[in-house]
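Peer 1: Mind folding the following:
(2 chains)
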Amino acid sequence: MSVAKRIVIEPVTRVEGHGKVVILLDENKKVISARLHIVEFRGFERFIQGRPFWEVPVLVQRLCGICPVSHHLAAAKAMDRIVGGENLTPTAEKIRRLMHYGQMYQSHALHFFHLASPDLLFGFDADVAIRNVIGVAGKYPALAVQAVLMRKYGQEIIKATAGKKIHGTGAIPGGVNKNLSIAERDVFLRDADQQMTWAQSAVKIAKDYTVANLAKLAPFGSFDSNHLSLVRADGAMDLYHGNLRAIDAEGKVIFDQVDYQSYVDFIAEEVRDWSYMKFPFIRSIGPEKGWYRVGPLARLNTAKFIDTPLAEAARKEFIAVTSGKPNNLTMAYHWARMIELVHAMEKIHALLNDKDLQGTDLVVKGERREVGIGLLEAPRGTLFHHYKVDKNDQVVSANLIVSTTNNNEPMNRAVAKVAQDHLQGVEITEGLLNHVEVAIRAYDPCLSCATHALGQMPMELTLVDYQGQILDRKSRG
Amino acid sequence: MSAKVAFTIDGKTVQGEQGQTILQAAALASIYIPHLCAMKGLSPWGSCRVCTVLVNGRPQAACTTPVAEGAVVENDTAELKDLRSSLVEMLFVEGNHYCMFCEKSGNCELQAMAYRLGILAMRHPYMFPVRTLDASHPDVMVELNRCILCARCIRASQELDGKHVFDFVGRGSHRHIGVNAATGAGGTNLKVTDKAAEACPVGSIVKKRVGFAVPIGQRLYDSKPIGSAIESGRAAKG
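Peer 2: Reported below is the predicted structural model:
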């Protein structure tokens, strides 16, 4: 009988939510597989049962402190269906879009500068004592200030549209509860050019880094996969609304322009006994090979084009690296993310000049429904909210497939790949710990919303054999 | 015309009228005495005790104590503030008050009272009671998790609407608001236009599908603390 061994990494730092990585070894000390465990359970889907539907967009956004707007808007889109108000007024749709692009802008800035840039600027193996946001502030003070102000800009937009920077109330079933005043608008217009310049410099940092280190980054945690996102009817990237499109690793279309109200016919979720987090897959392909990636990388791969000029120019440079084929490099997520940062800022700028934002027609209603499904592209990927509401206006059931859940299998694959490449013997080295963290952070610094953690993060790595014997354990955080 | 009654609140002379409560006379004199179960237009009740003042040195509920000539009333003291804070904290811990997703946030008298009193944490342990939400009425939701047993809905229904939709059921810690139909609020003659549907100081009785229609920043207590209307004299005029 072969003797398998397991390596466990926990806690992973600069990842929101508590993660634990278990690496399983065979008797030859080769990596069999890696399992990224999200150790907490939150259960929002259960405890919103019985709550009135209009409360849900405000309640479920508490899943997360980084991207609450995504949950707020996805739930509001679902509740638009409940009240028959999915055809929003121009003002309502544009206010929501502004909120969403503000969210995308601040979250991408946070993800790249605060959470990921220490690895890129100092190297994956740099001392953890300096490889953090404080280290970045010390060595690159101008960049750190810029990162803070970019994040602030996005958060102020959220405040102006949702009422608060975190956990606001702006989107309500069938519309929004406020427009944007001229005075509020002018504050953002004043800084828009500066923000645009910074966004462009950010995409340059990501591009230059990725291109310069391509030989090292290309194999890092990488693997071929399917890609999924919403796209507009004409195939353009659309982060707020669209139809589902999935392609394989070569770019072949699996499905396209699927109305997400029928997503259950195309996407299923597999439960595995070792994880609270489910494993979604494309039904027509099956769980074995039907898993897919979501998020900035997937969106750059699925979109036929981007409808804003600067981001589109950046996209063309991005796809040139893979000669127009889908990019399957885990570490290309950061570059893709910064292209979206530019896109978000271009959209913000265009919206600020749109007089519809000062409109007063804020809410619509129509035929009442009992099922509401709302999808959007959250910063970390496609977000699914699905509710049933009874005739008394109470939520009967809910299913949330969050971005991290969609990326569950890819993150496991990325960790397994890194472990295969960097594990030496049966000892957890600093190098292994660092590399596993870097791979996870490319996807998602936010694990908590996926199983919906109670309490604080960090994460640990453990190496164990199949009989349960722990060979080594390292934790951090 | 009723006879004038002169007394003092925190040393300031107040001219009341015979038959008024201390709370009423104080409000007309632009002096705010914190209160929750008392509501203009409803009979005095005296259950929450948040309006407790010292009358000639003795604790009394200002909402049920009549004015008396020469009375010395203490209202704005550190000791009374601490007492009121403790009472309000008890209301918080004995219910399930989740302000973060409650649609009444910003318009809630209990929440506003906690802010006004400077409550940052509860000194009592949370009780996490199991309570029910009655959504059977087409236009009004009765959410007992947030109920503070002030009886404003009971009184409004009886005294202003001429109905008897709400009343207390149970005793002691089991006491709660009930409705006069076995099938829930939907089986009663409650209408969304009833005063009883508007009397709730918290998010316990709310109109359905209104939710978060009022944006943050424009809610009742977003810019001014509870009691400001009285202190500015607006309440006296109204």
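
Peer 1: For residue 126, give me its contacts.
Peer 2: In the absence of a named chain, this looks at chain A. Shown in contact with A:Ala126 (CB atoms under 8 Å, 6 or more residues apart in numbering or on different chains): A:Pro118. Where C-beta positions appear, they are placed from N, C-alpha and C, glycine not excepted.

Peer 1: Let me rephrase: I mean chain B.
Peer 2: B:Val93.

Peer 1: Mind doing that once more with 10 Å?
Peer 2: Shown in contact with B:Tyr126 (CB atoms under 10 Å, 6 or more residues apart in numbering or on different chains): B:92-97.

Peer 1: Pop the domain breakdown of the chain in here.
Peer 2: All of this is about chain A. The record's domain parsing of chain A by automatic domain parsing lists A:5-40+A:424-476, A:223-328.

Peer 1: meant chain B actually
Peer 2: Domain segmentation of chain B under automatic domain parsing yields B:4-76, B:85-207.

Peer 1: Out of these, which is closest to A:Tyr140?
Peer 2: Among those, domain B:85-207 comes nearest to A:Tyr140, with 36.4 Å by CB to CB.

Peer 1: Taking the centroid of chain B, which residue is nearest it?
Peer 2: Using CA atoms, centre = their mean, the residue of chain B that lies closest to the mean C-alpha position is B:Leu36, 2.2 Å off.

Peer 1: Can you say which of the domains of chain A is packed in most?
Peer 2: Ranked by mean neighbour count under mean count of other CB atoms under 10 Å in any protein chain shown, those are led by domain A:5-40+A:424-476, which reaches a mean of 21.

Peer 1: what helix or strand does A:Gln420 sit in?
Peer 2: Using DSSP states H and E, A:Gln420 maps to helix A:408-422.

Peer 1: Could you pull out the buried residues of that helix?
Peer 2: A:408-419, A:422 (16 or more other CB atoms under 10 Å in any protein chain shown).

Peer 1: And stretch A:82-89, by the same measure?
Peer 2: A:82-86, A:88-89.

Peer 1: What about chain B: which of these touch it?
Peer 2: Restricting the buried residues of stretch A:82-89 to those touching chain B (CB under 10 Å from any CB of the partner chain) yields A:82-83.

Peer 1: Please identify which of the buried residues of stretch A:82-89 is nearest to chain B.
Peer 2: A:Val83 (7.6 Å; CB to the nearest CB).

Peer 1: which residues touch the closest one?
Peer 2: The contact partners of A:Val83, taken as CB under 10 Å, 6+ apart, are A:53-54, A:172-175, A:363-369, A:372, A:389, A:393, B:209.

Peer 1: Would you mind putting the domains of chain A into JSON lines with distance to A:Leu189 alongside?
Peer 2: Shown next, in JSON lines, are the domains of chain A (distance: least, CB to CB, whole Å):
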{"stretch": "domain A:5-40+A:424-476", "distance to A:Leu189": "31"}
{"stretch": "domain A:223-328", "distance to A:Leu189": "17"}
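
Peer 1: between these, which one is nearest to chain B?
Peer 2: Going by CB to the nearest CB, the one of those nearest chain B is domain A:5-40+A:424-476, 15.0 Å.

Peer 1: what comes up buried for the helix or strand hosting A:Gln194?
Peer 2: Under the criterion of DSSP H and E, A:Gln194 resides in helix A:182-212. Across helix A:182-212, burial judged by 16+ other CB under 10 Å covers A:184-185, A:188, A:192, A:195-196, A:198-200, A:202-203, A:205-207, A:209-210.

Peer 1: mean confidence for it?
Peer 2: In this model, helix A:182-212 has a mean pLDDT of 97.

Peer 1: What's the first helix or strand after it?
Peer 2: helix A:214-217.

Peer 1: Please name the nearest non-neighbouring residue to A:Val396.
Peer 2: A:Lys388 (4.4 Å; CB to CB, 6 or more residues apart in numbering or on different chains).

Peer 1: Which part of chain B gets nearest to chain A, residue-wise?
Peer 2: Closest approach between chain B and chain A, counting by CB to the nearest CB: B:Ile216, at 2.8 Å.

Peer 1: residue ranges with poor pLDDT in the chain?
Peer 2: In the absence of a named chain, chain A is used. Along chain A, the parts satisfying pLDDT under 70 run over A:1-19, A:38-42, A:445-459, A:476-477.

Peer 1: my bad, the chain I had in mind was chain B
Peer 2: B:1, B:235-238.

Peer 1: longest helix of it?
Peer 2: helix B:78-94 (DSSP state H).

Peer 1: Distance from it to the middle of the chain?
Peer 2: A distance of 14 Å separates the centroid of the chain from that of helix B:78-94, by CA atoms, centre = their mean, to the nearest Å.

Peer 1: so what secondary structure elements neighbour the next helix or strand after that helix?
Peer 2: Counting by DSSP H and E, the next helix or strand C-terminal to helix B:78-94 is helix B:109-117. Packing partners of helix B:109-117 (3 or more CB pairs under 10 Å, 6 or more residues apart in numbering or on different chains; DSSP states H and E): helix B:78-94.

Peer 1: Now do the SS call for the closest residue in space to A:His71 that isn't next to it in sequence.
Peer 2: Nearest residue to A:His71, sequence neighbours excluded (CB to CB, 6+ apart): A:Gln61, at 4.3 Å. Assigned with DSSP: H, G, I helix; E, B strand; the rest coil, A:Gln61 falls in the helix class.

Peer 1: Next, count neighbours for A:Gln61.
Peer 2: Neighbour count of A:Gln61, defined by other CB atoms under 10 Å in any protein chain shown: 28.

Peer 1: Wait, it touches A:Ala74, no?
Peer 2: Yes - using CB atoms under 10 Å, A:Gln61 is in contact with A:Ala74, at 9.1 Å.

Peer 1: Please work out how many residues are found near the closest residue to chain B within the stretch 101-250 of chain A.
Peer 2: Nearest residue of the stretch 101-250 of chain A to chain B (CB to the nearest CB) works out as A:Gly163 at 2.8 Å. Residues lying near A:Gly163 (other CB under 10 Å) number 22.

Peer 1: What about the spatially closest residue to it that is not a sequence neighbour, how many residues nearby?
Peer 2: Nearest residue to A:Gly163, sequence neighbours excluded (CB to CB, 6+ apart): B:Ile216, at 2.8 Å. If you count neighbours by other CB under 10 Å, B:Ile216 ends up with 19.

Peer 1: in what helix or strand does B:Ile216 lie?
Peer 2: Using DSSP H and E, B:Ile216 falls outside every helix and strand.
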